[in-house]
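Visitor: here you go, sequence then predicted model.
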Amino acid sequence: MDRHIEAPFSDEIAKELKSGDYVYITGTIYTARDAAHKRMYEALKQGEELPFDLKNNLIYYMGPSPERAGRPIGSAGPTTASRMDKYTPALLDLGLRGMIGKGKRTDEVKEAIVRNCAVYFAAVGGAGALLSKSIISSEVIAYDDLGTEAVRKLLVKDFPVIVVIDAKGNNLYETATEAYREEL
């Protein structure tokens with residue numbers, strides 16, 4: 001099913017999304033990769049504030065290439081989500097509504113997704129140039145010294161993703177593999 005949603009989004013919207021849905025996101029999303037996640041996690045442990053409010057927001061696991069002439073950003077493809085898995089449950093418990101990346105997640109992340117009524121989306125790897133066309137603006141808001149791993153605030157329009165793990169814990173990577181095996 002094709003869905004169009006506004007980001008940030010509520011748990012009511014998260015509950016409506018189903019594993020396998022094609023979703024087009026419009027609104028604000030944030031980027032953060034390994035180094036930024038480590039800093040945010042350390043900030044939380046020290047009682048410090050995070051660079052943005054996690055409540056109902058999305059983090060895109062992406063480090064962009066330099067902006068191109070006439071564009072707010074260069075290629076903007078997803079990175080492997082499992083590298084953030086050790087930090088993700090804590091962020092979900094603080095209200096993070098979803099993540100965008102590629103690849104499988106741990107059981108701990110899946111449990112945190114269900115516990116917090118969140119969603120894990122996949123963006124198509126290798127399609128960074130195409131994905132960047134859905135990004136209207138890009139602004140570094142924290143950890144500028146990390147270069148491409150700095151936290152960015154992106155404004156997106158019809159950013160294409162697929163629901164991999166929905167708020168009930170249904171996992172497209174598992175169900176699609178089972179369906180494929182049954183067809184053989």
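Guide: Received the coordinates, thanks.
Visitor: neighbours of the closest residue to Asn116 other than its chain neighbours, how many?
Guide: Closest residue to Asn116 in three dimensions, ignoring its sequence neighbours and counting by Cβ to Cβ, 6 or more residues apart in numbering: Leu92, at 4.5 Å. Every residue, glycine included, has its C-beta placed from N, CA and C. Neighbour count of Leu92, defined by other Cβ atoms under 10 Å: 23.
Visitor: isn't there a strand covering Leu92?
Guide: No. The assignment for Leu92 is helix, going by DSSP: H, G, I helix; E, B strand; the rest coil, so no strand is present there.
Visitor: surely it and Cys117 touch.
Guide: No. Counting by Cβ atoms under 8 Å, Leu92 stays clear of Cys117, with 9.4 Å between them.
Visitor: find the nearest non-adjacent residue to Asp166, please.
Guide: Ser19 (4.5 Å).
Visitor: so how far is Ala123 from the spatially closest residue to Tyr60 that is not a sequence neighbour?
Guide: Of all residues not flanking Tyr60 in the chain, Ile100 sits nearest, at 4.3 Å (Cβ to Cβ, 6+ apart). In this structure, Ile100 and Ala123 are separated by 5 Å, where distance is defined by Cβ to Cβ, to the nearest Å.
Visitor: show me the contacts for the residue nearest to Asn116.
Guide: Val109, Ala112, Ile113, Arg115, Asn116, Ala118 (Cβ atoms under 8 Å, 6 or more residues apart in numbering).
Visitor: restricted to buried residues, select those residues in ChimeraX.
Guide: Restricted to buried positions by 16 or more other Cβ atoms under 10 Å, the ChimeraX selection for these reads:
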select :109,112,113,116,118
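Visitor: which one of the contacts of Leu92 is nearest Val151?
Guide: When those are compared for distance to Val151 (Cβ to Cβ), Ala118 wins out at 18.9 Å.
Visitor: follow-up on the earlier one: tell me how far the residue nearest to Tyr60 lies from Glu42.
Guide: Ile100 is 23 Å from Glu42, by Cβ to Cβ.
Visitor: swap in Glu49?
Guide: The value you get for Glu49 to Glu42, if Cβ to Cβ is used, is 13 Å.
Visitor: more neighbours: which of the two?
Guide: Counted by other Cβ under 10 Å, Glu49 and Glu42 do not tie: Glu42 has more neighbours, with 11 against 8.
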